[in-house]
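Peer 1: got a sequence here, can you model it:
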Amino acid sequence: MSKHGLLLIGHGSRLRYNKELATSTAQLMAEKNGDYMIKSCFMENSSPNVSEGIADMKKEDIELLVVVPLFLAKGVHVLQDIPELLGLNTDEYRGSFTLDNGKIIPLVYADPIGHDPLLADLMLKNAHNAISAHL
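Peer 2: You can find the predicted model right below:
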């Protein structure tokens, strides 16, 4: 069975926790779904950066690459910076990706987290946990 590549892009930070969160999220995703070759990278202040993440994916034997921004909402990084690094125009979500072996595969660009009932559930859980821990 051929694998899909999934490049998870976090914002990055000078604080270690941000990198650990994105890296552990990628690891959890891989454990939940073995159909993906998952790697994480960062826009700024953490490594690997997006260019390095893209270069790593070019080395893999994959049939498709999906790039997923680990961001809550659409902002400059999601709307402009990441598409530019992927060779996509603004408002494009499909393109092609050339592997190191010369094979050209489809590339798709996902939306950030956005409006999702799971996010509301998570924030309610966080509120409950804060009340339990601090009252």
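Peer 1: going by C-alpha atoms from here, please, whenever you check contacts or count neighbours.
Peer 2: OK.
Peer 1: hmm, who's touching the lowest-mean-pLDDT helix or strand in the chain?
Peer 2: Between all helices and strands in the chain, the lowest mean by mean pLDDT, DSSP states H and E belongs to helix 16-32, at a mean of 94. Contacting residues not belonging to helix 16-32 are listed as Leu8, Ile9, Gly10, Gly12, Ser13, Tyr36, Met37, Ile38, Lys39, Ser40, Ser46, Leu70 [CA atoms under 8 Å, 6 or more residues apart in numbering].
Peer 1: contacting residues around the helix or strand that that helix is followed by?
Peer 2: Per DSSP states H and E, helix 16-32 leads on to strand 36-42 as the next helix or strand towards the C-terminus. The list of residues contacting strand 36-42 from outside it, by CA under 8 Å, 6+ apart, reads 3-12, 22-23, 26-27, 29-30, 47-50, 52-53, 57, 62.
Peer 1: which ones among those are found in strands?
Peer 2: Secondary structure from DSSP state E places Lys3, His4, Gly5, Leu6, Leu7, Leu8, Ile9, Gly10, Ile62 of those in strands.
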